[in-house]
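Q: missing the sequence, but the structure's below:
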């Protein structure tokens, strides 16, 4: 939708749960993204591609170039649920001066379930002086993707650490285009054994397309920006 709108109404959030012992663990990651934007177009000339089918249902012919007006609102909702596990392959102290810095590396694998929905609402439609009311289009899809990734951290002290988490999913399975990936790069400050603050920068992208012509449905969504998280150890 970036080709049509400059989105400025975006809501995104995530919740992650991990259960681990020193060697392996499991995780559940739930995220939600909502984007919405509207625009009013007035007195734009209709091309012949649109006027020809409109003339078939109109009581009078509609010539190409007839001015039209419409208010358009587009919105998308993307809910993503990741389920998987990881196994520690590196737990090593760098240097010989003490327990830090300490490098930890965990490859991960699992499944990603994505619930997609999109809608475009057309209101106040008018062709020339003739009002045509409104129309609404909506589509939805559910994707199940295998995911592979890795999470790594470098613990600098008992309070500070820097880390990276990334994964790739979909691999084009089950659709004409089906791919998702995300990278999270940042730092963590631990207040105590229970509470820690995360500050990071996140890149994420989802590309899905299935079907042809009027039966096609697709979404290309990418985000990047600062990410703030709170770790609570139970």
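A: Nice, I can see it. None of the values given here were measured: they were computed from a predicted structure. Numbers count the residues shown, from 1 in each chain.
Q: For residue 120, see how far away residue 215 is.
A: Separation of residue 215 from residue 120 (Cβ to Cβ, to the nearest Å): 16 Å. In this view, the C-beta of every residue, glycine as well, is placed from N, C-alpha and C.
Q: Tell me which of the two has more neighbours.
A: Set side by side, residue 215 and residue 120 show more neighbours around residue 120, with 16 against 8, by other Cβ atoms under 10 Å.
Q: Any idea what the more buried one is bridged to?
A: Beta bridges link residue 120 to residue 74, residue 137, judged by DSSP bridges.
Q: and what of residue 81?
A: For residue 81, the beta-bridge assignment (DSSP bridges) gives partners residue 30, residue 113.
Q: Per-residue pLDDT of it, please?
A: pLDDT for residue 81: 96.
Q: give me every residue that touches it.
A: 28, 29, 30, 112, 113, 114 (Cβ atoms under 8 Å, 6 or more residues apart in numbering).
Q: what would those look like in a markdown table with distance to residue 180, pLDDT and neighbour count?
A: What follows is those, written out as a markdown table (distance: Cβ to Cβ, whole Å; pLDDT from 0 to 100; neighbours: other Cβ atoms under 10 Å):
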| residue | distance to residue 180 | pLDDT | neighbour count |
| --- | --- | --- | --- |
| 28 | 17 | 96 | 14 |
| 29 | 12 | 93 | 20 |
| 30 | 15 | 94 | 15 |
| 112 | 7 | 96 | 21 |
| 113 | 11 | 95 | 14 |
| 114 | 7 | 93 | 22 |
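Q: Residue 161 against residue 151, yeah?
A: No. Here residue 161 lies out of contact with residue 151, judged by Cβ atoms under 8 Å, at a distance of 11.8 Å.
Q: Can you find the helix or strand of the protein with the lowest average pLDDT?
A: helix 48-57 (a mean of 73; mean pLDDT, DSSP states H and E).
Q: Touching that helix from outside, list them.
A: 46, 61, 62, 63, 64, 66, 127.
Q: Just the local confidence number for the second one, please.
A: When you say that, I think you mean residue 61. 77.
Q: Check the gap between residue 180 and residue 143 for me.
A: For residue 180, the distance to residue 143 - Cβ to Cβ - is 8 Å.
Q: shared neighbours, those two?
A: 112, 114, 170.
Q: didn't the first one look like it was pressed against residue 142?
A: No. No contact is recorded between residue 112 and residue 142 when judged using Cβ under 8 Å, the distance being 11.3 Å.
Q: follow-up on the earlier one: which members of the contacts of helix 48-57 are classed as buried?
A: Buried by 16 or more other Cβ atoms under 10 Å: 46, 62, 66, 127, out of the contacts of helix 48-57.
Q: now, which of those residues lie within strands?
A: Counting by DSSP state E, the part of these found in strands is residue 127.
Q: and stretch 33-52, which residues are buried?
A: Residues 33, 35, 36, 37, 46, 51 are the ones in stretch 33-52 that count as buried (16+ other Cβ under 10 Å).
Q: before we move on, which element is residue 109 in?
A: Assigned by DSSP states H and E, residue 109 belongs to strand 102-127.
Q: Show me what that strand is packed against.
A: strand 24-45, strand 67-87, strand 90-93, strand 130-155, strand 195-210, strand 217-232 (3 or more Cβ pairs under 8 Å, 6 or more residues apart in numbering; DSSP states H and E).
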